[in-house]
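Chemist: Structure, please.
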Amino acid sequence: MKKFRYLTVILIALTTLLSCQSAEPDQEQQSDLFSLDNIEESSKTPENLIERPEIPEGVNYEGYEFEVLRPESYIGNNLDDEVYAEQETGETMNDAIYRRNAVVESLLNIRIRSVTANAGTSELADYARRIIQSGDDAFDAIIGANWTHISLFQSRMLENLYNVPTIDLAKPWWDQRAVEELSYRRSQLYYISGDINYFDKYGIMVLYFNKRLFAEHGLEQPYDKVRNGTWTVDAFAELTKDFSRDLNGDGQMDEDDLWAITENTGAVYHFLIGCGEKTVALDNDGVPAINTLSERHIQVVDALSSIFSDTGNALLAGSRQLRHISNPWDDGIFKVFRNGRSLMFAEMIGTIPNFRDMEDDFGFLPLPKFNEAQTQYHSFTSYGWATSYSIPVTNKNLERTGMILEVMAGYSSDTIIPALIDVSLKSKFARDEDSGEMLQIIFDTKTYDLGIDYSWGGLYGVYEDAVQNGFSNFVSSMERQLPRAEADMERVIDIFEELS
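Modeler: Residues are numbered from 1 along each chain as shown. As a prediction, this is how the structure comes out:
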């Protein structure tokens with residue numbers, strides 16, 4: 001059902017974009033797309049397949065002001081408000097939120113408001129913790145980066161969402177990957193994302209590619225490989241092998257040259273996720289166990305480190321290659337790709353605005369699978385970029401809060417999601433219908449890894465070392481980190497058990 005919904009709204013957005021390439025749609029057309037009448041009618045049309053939350057007869061919250069705590073800014077100082085919009089402004093995401101809220105407010109007789117914390121993404125947990133510990137029921141829910149909720153959960157500040165009677169975590173408007181991969185013993189979950197928010201989609205890694213460079217070098221765009229399951233690490237390595245060139249002839253490769261792939265020092269770990277491996281897996285009982293030294297895991301790291309430790313073919317922010325640049329992201333890898341000097345570039349979907357003025361056309365792809373035997377793609381989801389919702393333990397009415405969140409999520413399917421697609425595809429590559437299909441795959445394959453999200457035992461640094469220095473020390477370095485990682489994991493398991 002969810003796959004059908006996403007594909008439907010992608011096609012709607014693409015049709016709108018492709019039909020309006022020569023002229024922007026007027027305000028009346030834009031309003032019609034997300035009009036309240038259209039949204040309300042869609043739930044009454046028999047042939048429409050969008051599922052809606054069930055609202056018990058007589059539910060009326062008598063003008064209650066539902067308040068959600070949010071950071072004053074997100075990653076990159078983005079000021080977007082995922083919760084509240086005061087009025088329609090013509091800005092796509094703002095207007096989608098306004099229309100979604102108007103429907104929900106009408107259905108439940110409430111007012112939805114955001115409470116802006118005097119704190120950014122990285123400080124929100126401390127800000128919220130002080131208020132919750134004081135016993136102040138100052139907000140009904142919290143939206144913030146996943147690491148915010150992880151921190152608050154470990155301080156015992158959040159409600160278990162499985163205990164909220166009016167939230168149905170099995171419904172398609174909630175991220176089923178998050179429910180599956182973040183739940184302890186399939187009975188404890190403290191933060192959730194879904195159609196209700198959109199920075200969780202901005203926080204998914206994609207692989208951009210420069211179409212001009214592909215054409216000039218006689219390379220076939222990999223869309224068909226993605227479709228037929230042959231978009232693998234070997235296929236990726238074949239495309240990037242021996243591609244880089246010393247353009248200025250100074251005998252050294254730097255940001256002024258042509259590169260096969262630009263990324264950062266997390267590259268091996270990011271692509272490891274694409275290969276279906278994680279640092280932590282859940283056992284049959286839903287209990288986490290560290291899984292970094294299995295035979296397949298080691299094979300994947302070996303293959304990826306050989307690609308990304310090649311300093312003549314991969315330019316990485318955070319590495320020794322760009323230490324001479326004060327900002328190796330904006331003035332390094334972003335600039336290289338924007339200026340048409342990188343065949344491929346791996347980053348979050350939320351970085352698309354950085355390339356709206358890029359001269360070359362580009363498209364994007366999911367991260368490659370390890371081999372053709374791997375049954376599906378997987379997409380790295382950043383716990384610092386991606387947002388989600390949680391409920392503080394100070395909340396005095398879980399039934400009401402759950403119902404409001406459930407209805408907000410359920411009525412985001414044809415407001416927030418199509419608006420997100422519209423914004424994401426309003427770049428030069430919006431002319432390429434294949435990009436919508438790739439975006440669908442990427443959205444559907446969000447992947448979470450408790451070991452990295454919870455920062456257990458410094459495991460991430462072992463993968464960074466494999467990028468900088470190659471594979472040779474990976475096993476021994478991982479063995480040294482495992483006792484600390486396992487101790488960290490056991491402390492978190494103890495919290496889950498305490499709260500069960």
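
Chemist: per the record, what domains does this structure have?
Modeler: Residue ranges for the domains of the chain, per automatic domain parsing: 23-202+386-426, 205-380+446-499.

Chemist: tell me the SS of Ile414?
Modeler: You called it Ile, but residue 414 is Asp. coil (DSSP: H, G, I helix; E, B strand; the rest coil).

Chemist: quick one, phi psi at it?
Modeler: Main-chain torsions, Asp414, degrees, to the nearest 10: phi -120, psi 20.

Chemist: mind checking which of the domains of the chain is nearest Asp432?
Modeler: domain 205-380+446-499 (5.3 Å; C-beta to C-beta). (C-beta placed from N, C-alpha, C; glycine too.)

Chemist: returning to that earlier point: least reliable of the domains of the chain going by mean pLDDT?
Modeler: Looking at those, the lowest mean pLDDT belongs to domain 23-202+386-426 (a mean of 87).

Chemist: quick one on the thing from earlier: now tabulate the domains of the chain in JSON lines and tack on distance to Gly436 and mean neighbour count.
Modeler: Formatted as JSON lines, those follow (distance: least, C-beta to C-beta, whole Å; neighbours: other C-beta atoms under 10 Å):
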{"stretch": "domain 23-202+386-426", "distance to Gly436": "6", "mean neighbour count": "19"}
{"stretch": "domain 205-380+446-499", "distance to Gly436": "10", "mean neighbour count": "18"}
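
Chemist: Now those domains in TSV, please, with extra columns for distance to Leu439.
Modeler: Output for the domains of the chain, formatted as TSV (distance: least, C-beta to C-beta, whole Å):
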stretch	distance to Leu439
domain 23-202+386-426	7
domain 205-380+446-499	8
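
Chemist: closest to Asp434 out of those domains?
Modeler: Closest approach to Asp434 among the domains of the chain (C-beta to C-beta): domain 205-380+446-499, 4.6 Å.

Chemist: Straight-line length of that closest one, end to end?
Modeler: 33 Å (C-alpha to C-alpha, to the nearest Å).

Chemist: ditto for stretch 391-399
Modeler: 11 Å.

Chemist: distance of the nearest residue to Pro288 once chain neighbours are set aside from Ile452?
Modeler: Nearest non-adjacent residue to Pro288, counting by C-beta to C-beta, 6 or more residues apart in numbering: Val280, 4.8 Å away. Separation of Val280 from Ile452 (C-beta to C-beta, to the nearest Å): 8 Å.

Chemist: Under a three-state scheme, what state does Arg113 occupy?
Modeler: strand.

Chemist: Can you name the residues bridging to it?
Modeler: Glu67 (DSSP bridges).

Chemist: List the residues that contact it.
Modeler: Glu65, Phe66, Glu67, Val68, Val83, Tyr84 (C-beta atoms under 8 Å, 6 or more residues apart in numbering).

Chemist: how near is it to Trp173?
Modeler: 21 Å.

Chemist: go on, Gly274?
Modeler: Gly274 is 26 Å from Trp173, by C-beta to C-beta.

Chemist: One more: Leu315?
Modeler: 40 Å.

Chemist: Centre of the chain to the longest helix along the chain, how far?
Modeler: As assigned by DSSP state H, the longest helix anywhere in the chain is helix 474-499. Taking the mean of its C-alpha atoms, helix 474-499 sits 25 Å from the chain's own mean (C-alpha atoms, centre = their mean, to the nearest Å).

Chemist: In a markdown table, list the contacts of Arg113 along with distance to Leu304.
Modeler: Shown next, in a markdown table, are these (distance: C-beta to C-beta, whole Å):
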| residue | distance to Leu304 |
| --- | --- |
| Glu65 | 50 |
| Phe66 | 45 |
| Glu67 | 45 |
| Val68 | 39 |
| Val83 | 38 |
| Tyr84 | 42 |
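
Chemist: give the contact list for the residue nearest to Pro288.
Modeler: Pro288, Ala289, Ile290, Asn291, Asp449, Leu450, Gly451, Trp456, Met489.

Chemist: So the second one, which state does it fall into?
Modeler: For Ala289, the reduced secondary structure class is strand; criterion used: three-state DSSP.

Chemist: The residue nearest to it when sequence neighbours are not counted and Gln299: what is the separation?
Modeler: In space, and not counting its chain neighbours, Ala289 is closest to Asp283: 5.4 Å by C-beta to C-beta, 6+ apart. Look at Asp283 and Gln299: by C-beta to C-beta, they are 22 Å apart.

Chemist: Phe370 too?
Modeler: 8 Å.

Chemist: Ok, His324 next?
Modeler: For His324, the distance to Gln299 - C-beta to C-beta - is 35 Å.

Chemist: what do you get for Leu152?
Modeler: For Leu152, the distance to Gln299 - C-beta to C-beta - is 37 Å.

Chemist: Equivalent analysis for Ile167, please.
Modeler: Ile167 is 40 Å from Gln299, by C-beta to C-beta.

Chemist: what do you get for Gly276?
Modeler: Gly276 is 12 Å from Gln299, by C-beta to C-beta.

Chemist: what do you get for Ala235?
Modeler: Ala235 sits 17 Å away from Gln299, going by C-beta to C-beta.

Chemist: picking up where we left off before, find residues that contact each of Val280 and Ile452.
Modeler: Common neighbours of Val280 and Ile452 (C-beta under 8 Å, 6+ apart) do not exist.

Chemist: Could you give the separation of stretch 338-350 from the chain centroid?
Modeler: With C-alpha atoms, centre = their mean, you get 17 Å for stretch 338-350.

Chemist: Can you check the distance spanned by that stretch, start to finish?
Modeler: Start-to-end, stretch 338-350 (C-alpha to C-alpha) is 15 Å.

Chemist: How about stretch 201-210?
Modeler: One end of stretch 201-210 to the other measures 22 Å (C-alpha to C-alpha).

Chemist: next one: stretch 327-338
Modeler: 15 Å.

Chemist: And the strands in the chain?
Modeler: Remark: strands assigned in the chain by DSSP state E are 64-70, 110-116, 141-145, 205-210, 259-264, 280-282, 288-290, 314-317, 342-348, 362-365, 379-380, 387-390, 446-447.

Chemist: got a list of what Gly457 touches?
Modeler: Gly457 makes contact with Gly451, Gln481, Leu482, Pro483, Arg484, Ala485, Glu486, Ala487, Asp488, Met489 under the criterion C-beta under 8 Å, 6+ apart.

Chemist: hmm, which two among the residues you listed are most spread apart?
Modeler: Gly451 and Pro483 (14.0 Å).

Chemist: circling back: could you export the strands of the chain as a markdown table, including distance to Arg130?
Modeler: Converted to a markdown table, these look like this (distance: least, C-beta to C-beta, whole Å):
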| stretch | distance to Arg130 |
| --- | --- |
| strand 64-70 | 12 |
| strand 110-116 | 14 |
| strand 141-145 | 13 |
| strand 205-210 | 33 |
| strand 259-264 | 33 |
| strand 280-282 | 30 |
| strand 288-290 | 29 |
| strand 314-317 | 34 |
| strand 342-348 | 30 |
| strand 362-365 | 40 |
| strand 379-380 | 32 |
| strand 387-390 | 16 |
| strand 446-447 | 31 |
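
Chemist: looking at these, which is closest to Gly90?
Modeler: Closest of the strands of the chain to Gly90 is strand 110-116, at 20.1 Å (criterion: C-beta to C-beta).

Chemist: wait, isn't Val59 in contact with Leu108?
Modeler: Yes: between Val59 and Leu108 there is a contact under C-beta atoms under 8 Å: 6.3 Å.
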